[in-house]
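# sequence? don't have it. structure:
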């Protein structure tokens, strides 16, 4: 992150100009943070079901809730990859407590890691049953078969049978029972007890994400206005299943950090909230979105028949960017912010 932004050179230059008469100051700052990926907090685990339809398509049942982060897309990708299907062949049924299995929920930044691996296990279970039927039709051992584009192929050949024939054979031999794969994944699989929310002790996660973030700011010492000009996020999110969604999550967190650092504030007076609606509570909009750059540090890769190690990218990057903005303001003005939103106390007296 430092090399990408020429951090040391800019930091020293900005620091040398703190006492200059120019009222527009520039600053650069860095923040680092780590954040856990899912945790052993109730309901502790996620489960998933995958049911093959007669035509070779599949239904994925999950309790995961898509709140804009793209969970249904991610889970459909995982199922399609394991089953040799296209994403359009997977119909996701989600968030129905009457029909879908338990899920940890869209919090503690663990949905892709915990629920995703539950879906992978369910897909592996369904694949095993499908291949067992295919091996009978093709008269080869199951380990000699691969799935691709709704067909079961003998490895290294063009010899294949369609999914629907294998599904029909399975149903015939199992008294009408369809192919249904089941899978589950528990946060902290080997831990007997989860973390304590009271004292922060105990095992929190099987996977942690880390980042280093840089913010460049402009400070008007006459008006006290702070503007974030650029943001860089160097992050380790493990195996990125959908890089575009990762970038979207980063952009959202940068925006949240800018809002917390520069604008968002609940104003109280004698116990009364003076800005109770979004008409009065200042949030960053698309107009305030800063130029955001990404530097991925990939530490994991996909391996068949092994659970993938994804790391959170939904919350932790707020804290690093928030620190980076505060440090950038200090680099510009020589004064460390002591409250949020940041208030510049070095405003020139004749312009107060």
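Done, it's in. Quick caveat, the model's predicted, so the values are computed rather than measured.
# measure stretch 255-271 end to end?
Between the opening and closing residues of stretch 255-271 we find a distance of 29 Å, counting by C-alpha to C-alpha, to the nearest Å.
# what comes up buried for it?
Neighbour-count burial for stretch 255-271, counted by 16 or more other C-beta atoms under 10 Å, picks out 255-263. (Each C-beta comes from the backbone N, C-alpha and C, glycine too.)
# for stretch 163-176, same thing?
For stretch 163-176, the buried set under the neighbour-count rule, 16+ other C-beta under 10 Å, comprises 163-164, 166-167, 169-171.
# show residues contacting it.
Stretch 163-176 has contacts (C-beta atoms under 8 Å, 6 or more residues apart in numbering) with 52-56, 129-134, 136-137, 147, 150-152, 177-179.
# and if you look at stretch 335-342?
The contact list for stretch 335-342, computed with C-beta under 8 Å, 6+ apart, reads 226, 260-265, 322, 325-326, 329-330, 343-346.
# just the mean pLDDT for the longest helix anywhere in the chain, thanks.
Scanning the chain for the helix with the most residues, using DSSP state H, yields helix 116-138. Per-residue pLDDT values over helix 116-138 give a mean of 97.
# which of the contacts of stretch 335-342 sit farthest apart?
264 and 346 (22.2 Å; C-beta to C-beta).
# neighbours around residue 111, how many?
29 (other C-beta atoms under 10 Å).
# ok, it touching residue 62?
No - the criterion here is C-beta atoms under 8 Å, and residue 111 misses it with residue 62 at 9.6 Å.
# now list whatever residues contact both of these two.
By C-beta under 8 Å, 6+ apart, residue 111 and residue 62 have these common neighbours: 46, 103.
# for the protein, which residues score under the pLDDT cut-off?
Within the chain, the ranges that satisfy pLDDT under 70 run 42-43, 193-194, 304, 346-352.
# which residues in it form helices?
With DSSP H, the ranges of helices along the chain come out as 2-5, 7-16, 71-83, 116-138, 163-173, 243-262, 317-333.
# now distance to residue 311 too, for those helices, in JSON lines please.
What follows is the helices of the chain, written out as JSON lines (distance: least, C-beta to C-beta, whole Å):
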{"stretch": "helix 2-5", "distance to residue 311": "20"}
{"stretch": "helix 7-16", "distance to residue 311": "24"}
{"stretch": "helix 71-83", "distance to residue 311": "14"}
{"stretch": "helix 116-138", "distance to residue 311": "12"}
{"stretch": "helix 163-173", "distance to residue 311": "33"}
{"stretch": "helix 243-262", "distance to residue 311": "10"}
{"stretch": "helix 317-333", "distance to residue 311": "11"}
